[in-house]
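Q: using only what follows, build the 3D model:
(chains A and B)
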Amino acid sequence: NAGVTQTPKFQVLKTGQSMTLQCAQDMNHEYMSWYRQDPGMGLRLIHYSVGAGITDQGEVPNGYNVSRSTTEDFPLRLLSAAPSQTSVYFCASRVQGSTDTQYFGPGTRLTVL
Amino acid sequence: TQLLEQSPQFLSIQEGENLTVYCNSSSVFSSLQWYRQEPGEGPVLLVTVVTGGEVKKLKRLTFQFGDARKDSSLHITAAQPGDTGLYLCAGAKSNDYKLSFGAGTTVTVRA
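A: Got it, this is the predicted structure:
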């Protein structure tokens, strides 16, 4: 198993550009989520999904869209990048419940100029 | 403001010393998890505690969930340089899928 994979590893955008961060898992997990990590703030939940076709907002959803057309993939779209979205983004997955082991991807470091 | 407050924010100790990291909240959680994260990588789950007063041991690491399920602690005995990393606590409330993370404690163990 590859676990949770994320691409790209690094990305630089200009303000106003759009892009999609890719996330895939091969563990047949129902629950997937996106977090951003900023210094001194821990991990903040952006969006999550409890299964294919179902998504919901987390703590900081503004400026981001998600979709879940398959169990394996959960892409995160930045509609119009802003410098405030400079961060490290992590995708995670788990079987379903909050006590299940959650597996994180290696992260995408995004810089918006 | 963070739902879970971790202290201290930074901790630097000598190899062989003991350390304790705290995770506190005014909210009740149905479960609490501890993760360790190394630079350039994603967090890795260390333990999940679900019962008030529960104590779990993982080699030299001891995790405790408070009786009221509002706080937790992580104690490392005889720390080693390999214990260096960012330690994060995360809690889930009853009937909620979402995890709330603390800001983390950066632990450095000097050889």
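Q: near chain B, which residues of chain A show up?
A: Residues of chain A found near chain B (CB under 8 Å from any CB of the partner chain) are A:4, A:31, A:35, A:40-45, A:48, A:50, A:58-59, A:90, A:92, A:96-99, A:101-107. In short, each C-beta sits where N, CA and C put it, glycine included.
Q: and the residue in chain B positioned nearest to chain A, how many residues sit next to it?
A: Residue nearest to chain A within chain B (CB to the nearest CB): residue B:42, separated by 3.0 Å. The number of residues packed near residue B:42 is 23, by other CB atoms under 10 Å in any protein chain shown.
Q: can you tell me, leaving aside adjacent residues, what's nearest to it?
A: residue A:104 (3.0 Å; CB to CB, 6 or more residues apart in numbering or on different chains).
Q: go on, residue B:82?
A: Residue nearest to residue B:82 in three dimensions, not counting chain neighbours: residue B:109, with 7.8 Å by CB to CB, 6+ apart.
Q: from what I see, the one you found and residue B:84 are in contact.
A: Yes. Between residue B:109 and residue B:84 a contact is recorded at 5.1 Å, counting by CB atoms under 8 Å.
Q: who in chain B is up against chain A?
A: So far as CB under 8 Å from any CB goes, chain B lies against chain A at B:2, B:4, B:6, B:9, B:30-31, B:33, B:40-45, B:48, B:50, B:88, B:90, B:92, B:96-104.
Q: mind giving me the ChimeraX command for buried ones among those?
A: If you want just the buried ones from the residues of chain B next to chain A in ChimeraX, going by 16 or more other CB atoms under 10 Å in any protein chain shown, the selection is:
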select /B:4,6,31,33,42,43,45,48,88,90,92,97,99,100,101,102,103,104
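Q: among the residues of chain B next to chain A, which lie within strands?
A: B:6, B:31, B:33, B:44, B:45, B:48, B:88, B:90, B:92, B:100, B:101 (DSSP state E).
Q: roughly how far apart are the second one and residue A:109?
A: This points to residue B:31. 30 Å (CB to CB, to the nearest Å).
Q: likewise for residue A:51?
A: Between residue A:51 and residue A:109 the computed distance is 29 Å (CB to CB).
Q: can you pull out the strands in chain A?
A: Under DSSP E, chain A gives strands at A:4-7, A:10-13, A:19-25, A:31-37, A:43-51, A:54-57, A:64-66, A:76-78, A:87-94, A:103-104, A:108-112.
Q: tell me who's in contact with the residue most central in space within chain A.
A: Closest residue to the average C-alpha location of chain A: residue A:34 at 2.9 Å, with CA atoms, centre = their mean. Applying CB atoms under 8 Å, 6 or more residues apart in numbering or on different chains, we find residue A:34 in contact with A:21, A:23, A:45-48, A:58, A:64, A:66, A:74, A:76, A:89-92.
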